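Enquirer: Fold the following and give me the result.
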Amino acid sequence: MNLRRYNSSVTRFYGIDEASELLPELADRVGRLADQRNELVRLRDELVERRTAVEAAPRESDRPRRPVRDTDPEIRRIELRMRGLVDQMQADVAWLDDRSIVLRDIPTGLIDFPALVSGRQVWLCWRLGEDRLDWWHELSTGFGGRRPLIELE
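Expert: Got it, this is the predicted structure:
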């Protein structure tokens, strides 16, 4: 499952105020993505367990087995629920992508906004749980190179 799509070119740049205005919406979307990811992992584990149990069950005859999804309605239910979660997650990732906002990590809700400062591109950096947009980093440094906005020159 590939949820992250990266633009080869940024279509817009954000100012601090503009990016900050989006934080309540981002908190909802990124929080939802984290919850959905956790549910997807749980369902994946449940699906593996269910498939293993169905495949290990004694067979009634020597007839070839049909795929487990065709023989067990619970497996089909889990697969459909997983597909629905992936579809919902892709919709939120597309919303971010349409705004040139880069989702770096779903579990921590790490987001980067493209910005221009003195003619150079940098990332304004925010993570789920932070009250406001307080960080930035160079394109090449990533999260480990985050610095306070007050140092942005």
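Enquirer: Check what pLDDT residue 63 gets.
Expert: Predicted confidence (pLDDT) for residue 63: 57.
Enquirer: try residue 71
Expert: 70.
Enquirer: show me where this structure has strands.
Expert: Under the criterion DSSP state E, the chain contains strands at 102-105, 110-117, 120-127, 135-138, 147-148.
Enquirer: Kindly reformat the ones you listed as JSON lines containing mean pLDDT and distance to residue 83.
Expert: The way it works is simple: take the backbone N, C-alpha and C, and place the C-beta from them, glycine included. Formatted as JSON lines, those follow (pLDDT from 0 to 100; distance: least, C-beta to C-beta, whole Å):
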{"stretch": "strand 102-105", "mean pLDDT": "96", "distance to residue 83": "20"}
{"stretch": "strand 110-117", "mean pLDDT": "95", "distance to residue 83": "26"}
{"stretch": "strand 120-127", "mean pLDDT": "95", "distance to residue 83": "29"}
{"stretch": "strand 135-138", "mean pLDDT": "96", "distance to residue 83": "36"}
{"stretch": "strand 147-148", "mean pLDDT": "96", "distance to residue 83": "41"}
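Enquirer: want to try a markdown table for these, with mean neighbour count as columns?
Expert: Shown next, in a markdown table, are the strands of the chain (neighbours: other C-beta atoms under 10 Å):
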| stretch | mean neighbour count |
| --- | --- |
| strand 102-105 | 17 |
| strand 110-117 | 20 |
| strand 120-127 | 20 |
| strand 135-138 | 19 |
| strand 147-148 | 12 |
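Enquirer: Put together JSON lines for the ones you listed, with distance to residue 39 on each row.
Expert: Listed next are the strands of the chain as JSON lines, based on distance: least, C-beta to C-beta, whole Å:
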{"stretch": "strand 102-105", "distance to residue 39": "17"}
{"stretch": "strand 110-117", "distance to residue 39": "20"}
{"stretch": "strand 120-127", "distance to residue 39": "21"}
{"stretch": "strand 135-138", "distance to residue 39": "29"}
{"stretch": "strand 147-148", "distance to residue 39": "35"}
